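Asker: need the 3D shape of this:
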Amino acid sequence: MTEYRRFQHAGATWFFTVNLVERHGNRLLTDQIDLLRMAFAHVKARHPYEIDAIVILPEHLHCILTLPAGDSDFSVRWGLIKAYFARHIAKGERISKSREKRGERGLWQRRFWEHLIRDEADYRQHIDYIHWNPVKHGWVQCVKDWPHSSFHGYVKRGVYPESWGGDIDFSKFSAGE
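Answerer: Numbers count the residues shown, from 1 in each chain. Got it, this is the predicted structure:
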């Protein structure tokens, strides 16, 4: 079995992409948005973190999390978020033989994609990418029209104008899709 190693950096800020196993035609995350929010809150109460930016799409999500000083264990947080969500969803998804053998559900991809935020420019670029993602995937034509995004909080705080995103070219930027 391949050993997968992740870079550990205590108190760091990270960009993540987390996917459902079945992406095509799946709307589970937005259909169950309240449960997903509860999963995040449940884990945050036990393993603190800050959500700097987030977008929830029907079958995947992107977010930037900052961990507390002295803490580098983002993997346990994602494992607990996924597990909480899965425990509260009725069974019925297709489960591969390898998952069945391990007693796993077939909701989430086992792994996730992470990127250590290096500096302020990298941070801003990833926040922009998160907020632009519903437009990129064709769910909406304007960033402001996607309801499951931290974009709206950024607008309220004056970081973005409500019309932001119309002139952005993200064609050269790919973050774990």
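Asker: ok, and what's touching the top helix by length along the chain?
Answerer: Identified as the longest helix of the chain according to DSSP state H is helix 120-136. For helix 120-136, contacts defined as Cβ atoms under 8 Å, 6 or more residues apart in numbering pick out 13, 15, 52-55, 57, 62-64, 115, 117, 140-143, 145-146, 149-151, 154, 160, 164-165, 168, 170, 173, 175. Bear in mind the C-beta positions are built from the backbone N, C-alpha and C, glycine included.
Asker: list only buried entries from these.
Answerer: Applying 16 or more other Cβ atoms under 10 Å to these, the neighbour count classes 13, 15, 52-55, 57, 62-64, 115, 117, 143, 146, 149-151, 154, 160, 164-165, 175 as buried.
Asker: helices of this structure, residue ranges please.
Answerer: Along the chain, counting by DSSP H, helices occupy 28-31, 33-46, 74-87, 97-102, 120-136, 151-156.
Asker: now the longest one - C-alpha only, PDB.
Answerer: Output for helix 120-136, consisting of C-alpha atoms alone and laid out as PDB, is shown next (Å, rounded to 0.1, in the frame of the first residue of the first chain):
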ATOM      1  CA  GLU A 120      -0.600  37.400   0.500                       C
ATOM      2  CA  ALA A 121      -0.800  37.300  -3.300                       C
ATOM      3  CA  ASP A 122      -1.300  33.500  -3.200                       C
ATOM      4  CA  TYR A 123      -4.000  34.000  -0.500                       C
ATOM      5  CA  ARG A 124      -5.900  36.600  -2.600                       C
ATOM      6  CA  GLN A 125      -5.600  34.500  -5.800                       C
ATOM      7  CA  HIS A 126      -7.100  31.500  -4.000                       C
ATOM      8  CA  ILE A 127      -9.900  33.500  -2.500                       C
ATOM      9  CA  ASP A 128     -10.700  34.900  -5.900                       C
ATOM     10  CA  TYR A 129     -10.600  31.300  -7.400                       C
ATOM     11  CA  ILE A 130     -13.000  30.100  -4.700                       C
ATOM     12  CA  HIS A 131     -15.500  32.800  -5.300                       C
ATOM     13  CA  TRP A 132     -15.300  32.500  -9.100                       C
ATOM     14  CA  ASN A 133     -15.800  28.700  -9.100                       C
ATOM     15  CA  PRO A 134     -19.600  28.600  -9.500                       C
ATOM     16  CA  VAL A 135     -19.200  30.700 -12.600                       C
ATOM     17  CA  LYS A 136     -16.400  28.500 -13.900                       C
END
